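Asks: Please work out how this folds:
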Amino acid sequence: MKNFTWKLIIILSSFLFMHQSTYAWYLHTLIAHPIFSSMDAITSSDSVTVTSINEFLLAVEQELESSLLQEEQWARENLDYYSSRPNDLIFQATGNPADIRQRFIEAIRINPDSKLISYLQLLPGADPGDQPILKATDITPLKKTRGYNNVRFVGLNNGALVDPLSVLVTANDEPDMGLDIGLYEDNNTTAGKTYGFGSQPFGNPNLEYSSQAPLHMGLYHEAKLINRLAPFMKECYPEYRIHQYKTLSELAFKLGQDYWGWRFMGWGLHYIADLAQPYHTSALPGVSTAKMILMNSLDMLGSSRMKNNAIQLVSNRHTAIEAFGRQLLEKAYLGQDQDYLQIQSLSAQVSVPKYEDSFPRNYIAQASNAQAKSLDRAIARGMPHKLVSDPSFELGNSDEQYEILSIMQKLENPAAISDLETQLNDLLQLFSIYGRSYVLSILSIE
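Replies: Down below sits the predicted model:
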């Protein structure tokens with residue numbers, strides 16, 4: 001039994017190690033805009049003045065010290081498997097402007113190479129006007145930026161006025177721009193050696209983007225047997241980020257630093273959206289516990305083919321549904337199709353519960369996890385066999401991922417596309433409901 005347990009742990013570890021895609025929704029701006037552009041609490045808010053991260057920190061330094069102490073205490077008391085922040089990273093109000101940015105970055109434990117410049121990420125087809133065009137490398141420390149090749153960024157000058165909606169929607173994609181990469185001991189980074197998160201529990205620590213996996217995935221609702229045999233899967237940190245950025249947003253608004261209030265709000269919303277993606281809340285969607293045990297038994301007998309095939313298929317389907325969803329929305333924005341299903345659905349007014357800290361785990365991740373099998377089957381049923389059902393093919397390293405919508409349209413099977421659109425729409429409703437709840441809580445609107 002002991003050997004069996006360790007083999008099952010190795011199988012789960014190898015999936016989460018090899019699975020390279022840690023995007024939940026490729027370009028969060030595309031789903032955030034219709035939701036938050038339909039909220040009066042946002043659209044009726046006054047324009048805000050752009051301030052740099054240093055200006056913000058210097059203005060709130062005294063209050064920030066006590067706020068981050070309280071935040072750390074909350075995390076220690078409320079989060080399972082939380083790795084406490086080392087005491088030498090405590091933010092202290094020293095009054096020194098030379099290192100205030102570094103002190104803050106270390107205290108909230110994000111990538112020290114994060115750019116944190118002021119910018120906007122434009123929607124597809126939007127006119128940049130006379131604003132300066134930026135490259136992705138101006139905004140992110142990520143080395144691989146191909147996914148942003150057709151995305152336009154514009155710079156913002158300190159003192160400029162900007163509407164809150166644009167700040168919020170842009171910030172909603174920012175955590176995927178490298179804020180959470182390289183934070184673990186085995187990521188071969190200085191931050192990883194000092195931040196106190198320990199070794200990366202899952203995801204490939206040697207791959208730049210995969211190093212953010214534990215902060216963007218919430219594997220809270222696996223079968224009890226799996227959780228018992230592989231407890232490392234519960235070392236997930238979306239709740240940490242969601243609460244941390246909510247605290248920072250509330251502090252910024254309280255002290256009249258509204259630009260950063262909206263920006264931190266957008267950061268926190270990112271992880272709420274991530275938890276609405278079943279491939280972020282289920283280790284092996286479509287693979288039952290019984291099948292995992294069978295794979296384990298075969299692997300113990302020296303046959304790893306079934307395990308390796310399952311890992312590859314899940315990886316391909318994860319990549320496929322993200323690319324598909326992005327391309328659908330890009331097409332709608334470029335065509336100015338305000339009647340498109342997801343834009344209409346996400347813009348619709350919904351009943352919003354009063355936000356509670358338990359929502360990310362107990363409602364969003366749970367509902368998302370429950371839909372994992374259905375989504376996985378819809379992908380297998382409706383997408384080209386080669387892309388999602390051929391374990392000898394690696395979609396994440398192919399050009400087909402950037403053309404998946406056009407490939408499907410050429411198959412002339414509109415029912416398959418419609419089925420997947422409906423599934424995605426149902427999942428995005430989780431973000432529409434609980435994202436709004438999060439916003440209203442920060443703004444103290446019930």
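Asks: now the helices for the stretch 151-300 of the chain?
Replies: Counting by DSSP state H, counting those that start in this stretch, the stretch 151-300 of the chain has helices at residues 164-171, 190-194, 213-216, 224-229, 238-254, 258-274, 289-300.
Asks: how about these in JSON lines, adding mean pLDDT?
Replies: Shown next, in JSON lines, are those (pLDDT from 0 to 100):
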{"stretch": "helix 164-171", "mean pLDDT": "98"}
{"stretch": "helix 190-194", "mean pLDDT": "96"}
{"stretch": "helix 213-216", "mean pLDDT": "94"}
{"stretch": "helix 224-229", "mean pLDDT": "74"}
{"stretch": "helix 238-254", "mean pLDDT": "98"}
{"stretch": "helix 258-274", "mean pLDDT": "98"}
{"stretch": "helix 289-300", "mean pLDDT": "73"}
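Asks: Tell me which of these sits nearest to Ile90.
Replies: Checking those against Ile90 by C-beta to C-beta gives helix 190-194 as the closest, at 12.9 Å. C-beta: built from backbone N, CA, C; applies to glycine.
Asks: Can you name the element that comes right after the helix or strand bottoming out on mean pLDDT in the chain?
Replies: Ranked by mean pLDDT, DSSP states H and E, the weakest helix or strand in the chain is helix 2-18, scoring a mean of 52. With elements assigned by DSSP states H and E, the helix or strand that comes after helix 2-18 is helix 29-36.
Asks: What is the subsequent helix or strand relative to that next one?
Replies: Counting by DSSP H and E, the element after helix 29-36 in chain order, helix or strand, is helix 40-43.
Asks: Return the distance of that next one from the chain's centre.
Replies: Centre-to-centre, helix 40-43 and its host chain are 24 Å apart (C-alpha atoms, centre = their mean, to the nearest Å).
Asks: Which residues does that helix contact?
Replies: Contact with helix 40-43 is made by 36-37, 164-165, 168, 439-440, 443, 445, as judged by C-beta atoms under 8 Å, 6 or more residues apart in numbering.
Asks: hmm, try it at 10 Å
Replies: Here helix 40-43 makes contact (C-beta atoms under 10 Å, 6 or more residues apart in numbering) with 35-37, 163-165, 167-169, 262, 265, 349, 436, 439-440, 442-443, 445.
Asks: Leu219 contacts Pro278, correct?
Replies: No - judged on C-beta atoms under 10 Å, Leu219 makes no contact with Pro278 at a distance of 11.1 Å.
Asks: Any chance you could list residues touching both of the two?
Replies: By C-beta under 10 Å, 6+ apart, the residues touching both Leu219 and Pro278 are 365, 369.
Asks: State the distance from the closest residue to Tyr402 other than its chain neighbours to Leu405.
Replies: Using C-beta to C-beta, 6 or more residues apart in numbering and skipping residues adjacent in sequence, the residue nearest Tyr402 is Ala323, 6.9 Å away. Counting by C-beta to C-beta, to the nearest Å, the gap from Ala323 to Leu405 is 8 Å.
Asks: Looking at these two, which has the bigger crowd around it?
Replies: Ranked by neighbour count (other C-beta atoms under 10 Å), Ala323 and Leu405 place Ala323 first, with 23 against 17.
Asks: contacting residues around that one?
Replies: For Ala323, the contacting residues are 21, 23, 26, 147, 387, 395-396, 400-405, by C-beta under 10 Å, 6+ apart.
Asks: Tell me which helix or strand it sits in.
Replies: helix 305-334.
Asks: For that helix, which residues meet the burial criterion?
Replies: 306-308, 310-330, 332-333 (16 or more other C-beta atoms under 10 Å).
Asks: Also stretch 285-295?
Replies: So for stretch 285-295, counting by 16+ other C-beta under 10 Å, buried means 285-287, 292-293, 295.
Asks: again, but for stretch 81-89
Replies: Neighbour-count burial for stretch 81-89 flags 82-83, 85, 89 (criterion: 16+ other C-beta under 10 Å).
Asks: TSV please, covering these and showing pLDDT.
Replies: TSV is the format used below for those (pLDDT from 0 to 100):
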residue	pLDDT
Tyr82	95
Ser83	96
Arg85	98
Leu89	98
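Asks: Check the residues you listed against Phe359 and report the nearest one.
Replies: The closest of these to Phe359 turns out to be Tyr82 (C-beta to C-beta; 18.2 Å).
Asks: Quick check: phi and psi on the residue nearest to the closest one when sequence neighbours are not counted?
Replies: Spatial nearest neighbour of Tyr82, excluding adjacent residues (C-beta to C-beta, 6+ apart): Ala75 at 5.4 Å. When quoted as degrees, to the nearest 10, the phi and psi of Ala75 stand at phi -60, psi -40.
Asks: Next, work out how far apart the most far-flung residue of the chain relative to its centre and Glu239 are.
Replies: Of all residues in the chain, Leu301 has its C-alpha farthest from the mean position, at 37.7 Å, by C-alpha atoms, centre = their mean. Separation of Leu301 from Glu239 (C-beta to C-beta): 39 Å.
Asks: Check whether Asp176 really touches Leu142, as I assumed.
Replies: Yes - at 8.9 Å, Asp176 counts as touching Leu142 under the criterion of C-beta under 10 Å.
Asks: Mind listing the shared neighbours of these two?
Replies: Both Asp176 and Leu142 are contacted by 148, 209, under the criterion C-beta under 10 Å, 6+ apart.
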